[in-house]
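*Asks:* the sequence and its predicted three-dimensional model are supplied below.
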Amino acid sequence: MVSVELRNVSKRWDGFELRVDLSVKDGEFLTLLGPSGCGKTTTLRIIAGLEKPDSGRVLFDGTDVTDLEPNERNIGIVFQDYALFPHMTVFKNIAFGLEMRKLPRGEIERRVKWALELVGLSGLENRYPEQLSGGQQQRVALARALVIEPEVLLLDEPLSNLDAKIRERLRSEIRRIQRELGITTVYVTHDQEEAMAVSDRIAVMNVGRIEQIGEPLELYYKPRTEFVARFLGTSNILELEAENGVARLGNLEFSVGVDGKVKVFFRPESVLITEGEDATVTGYELLPGRMRLYLDVEGHTIIAERPLPDLPFEPNRVPPRVGILVRSFSLLSL
């Protein structure tokens, strides 16, 4: 497999400008995560050769491929819409790319059989797309991308049209297959849970830029910007004044090491609930296996989430006030 690099890449259209520097390691599963319109799909299409950058270069293993057509880059692509040929069987859909390459019939049959087994569709090769479920159709699209043995796999919102349960199962399958093959993969999604579940690293994009790139837990617990903190899960962000290196809110103390205005960040699961009078409970929600509490501390709202066994009270008897401790936090750039 190969590494992928976008070096000083830019693209402008309709008053929007994409500017990206990105390196994807050999065999890595990297996800481009961000809201609609942030430039993640355009970035993927530039890697694929479906879009040409206005400036900058695209490199595969250090070789400049910027001016190569998609069929010259040895890539596999899976789109949001499965783009299967309705008049072709599953076998013919998967074999299409191999037939275009004029491979021998025996080699085509061997590879299609391998791809069917890989995606769990053995025995369905004679069905037509209309006879398949949405999840099965997406597996066919994945098999078609993999059967050509690409060096880079590109997936653009491949699960967004599926029901939640099927989406959860298929994302695990995609990750399993990627690990099994060791193929360099770039995955586009706006779903932060999906990104956390499948990625080696995540690049969070916003308005045509990469705000932060790193391993999932690094981004989740140590975001550098407020955008990353808010986009990747539920967050608590407190704007406080620090003196002598400590920011205080009620009985909470945050050792920040600087003086002046600071933004203290922590996740709801980092808030421990105890018996006490630190915070007023303004609302709560019972979620599967846990409770979410909305708390007020001197006019600041804090969200806490705890597993039900960790609560110092019965879930159906929430007290008006509770004690709180923040187990871990970080600072956001102002």
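*Replies:* On my side now, so go ahead. Just so we're clear, the structure is a prediction, and the values are computed from it rather than from any experiment. Numbers count the residues shown, from 1 in each chain.
*Asks:* on contacts alone, who are the packing partners of the one helix or strand in the chain whose mean pLDDT sits lowest?
*Replies:* Across the helices and strands of the chain, mean confidence by mean pLDDT, DSSP states H and E is lowest for helix 164-181: a mean of 90. With contacts taken as 3 or more Cβ pairs under 8 Å, 6 or more residues apart in numbering; DSSP states H and E, helix 164-181 sits against helix 134-146, helix 192-198. C-beta coordinates here come from the backbone N, C-alpha and C atoms, glycine included.
*Asks:* I figured residue 183 hits residue 27, correct?
*Replies:* Yes. Shown here, residue 183 and residue 27 form a contact pair, counting by Cβ atoms under 8 Å, at 7.0 Å.
*Asks:* between those two, which contacts overlap?
*Replies:* residue 1 (Cβ atoms under 8 Å, 6 or more residues apart in numbering).
*Asks:* re earlier: among the helices and strands packed on helix 164-181, which is the most enclosed?
*Replies:* Among these, the stretch with the highest mean neighbour count (mean count of other Cβ atoms under 10 Å) is helix 134-146, at a mean of 23.
*Asks:* what strands line up against the helix or strand following that helix, and which way round?
*Replies:* Counting by DSSP states H and E, the next helix or strand C-terminal to helix 134-146 is strand 152-156. For strand 152-156, the pairing partners within the sheet under DSSP bridges are strand 75-78 (parallel), strand 184-189 (parallel).
*Asks:* how near is residue 91 to residue 116?
*Replies:* Counting by Cβ to Cβ, to the nearest Å, the gap between residue 91 and residue 116 amounts to 8 Å.
*Asks:* which residues do these two both contact?
*Replies:* Shared contacts of residue 91 and residue 116, defined by Cβ under 8 Å, 6+ apart, are found at residue 125.
*Asks:* rewinding a little: okay if I get the helices and strands packed on helix 164-181 as CSV plus mean pLDDT?
*Replies:* Rendered in CSV, the data for the helices and strands packed on helix 164-181 read as follows (pLDDT from 0 to 100):
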stretch, mean pLDDT
helix 134-146, 93
helix 192-198, 94
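*Asks:* would you turn the ones you listed into TSV with distance to residue 325?
*Replies:* What follows is the helices and strands packed on helix 164-181, written out as TSV (distance: least, Cβ to Cβ, whole Å):
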stretch	distance to residue 325
helix 134-146	44
helix 192-198	25
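*Asks:* how is this structure carved up into domains?
*Replies:* Domain ranges of the chain: 4-225, 236-332, per automatic domain parsing.
*Asks:* so of those, which one's packed in deepest?
*Replies:* domain 4-225 (a mean of 18).
*Asks:* straight-line length of it, end to end?
*Replies:* Between the opening and closing residues of domain 4-225 lies a distance of 26 Å (Cα to Cα, to the nearest Å).
*Asks:* check stretch 44-61 too.
*Replies:* The first residue of stretch 44-61 is 17 Å away from its last residue (Cα to Cα).
*Asks:* quick one: mean pLDDT for that stretch?
*Replies:* The pLDDT scores in stretch 44-61 average 97.
*Asks:* and stretch 76-93, by the same measure?
*Replies:* In this model, stretch 76-93 carries a mean pLDDT of 92.
*Asks:* what does that stretch rub up against?
*Replies:* Judged by Cβ under 8 Å, 6+ apart, the contacts made with stretch 76-93 from elsewhere in the structure are 48, 70, 96, 112, 116, 121, 124-130, 132, 137-138, 140-142, 144-146, 148, 150, 152-158, 160-161.
*Asks:* equivalent analysis for stretch 111-122, please.
*Replies:* With Cβ under 8 Å, 6+ apart as the contact definition, stretch 111-122 has outside contacts at 90-91, 94-95, 98, 103, 124-125, 136, 139-140, 142-144, 146-147, 149, 173, 177, 180.
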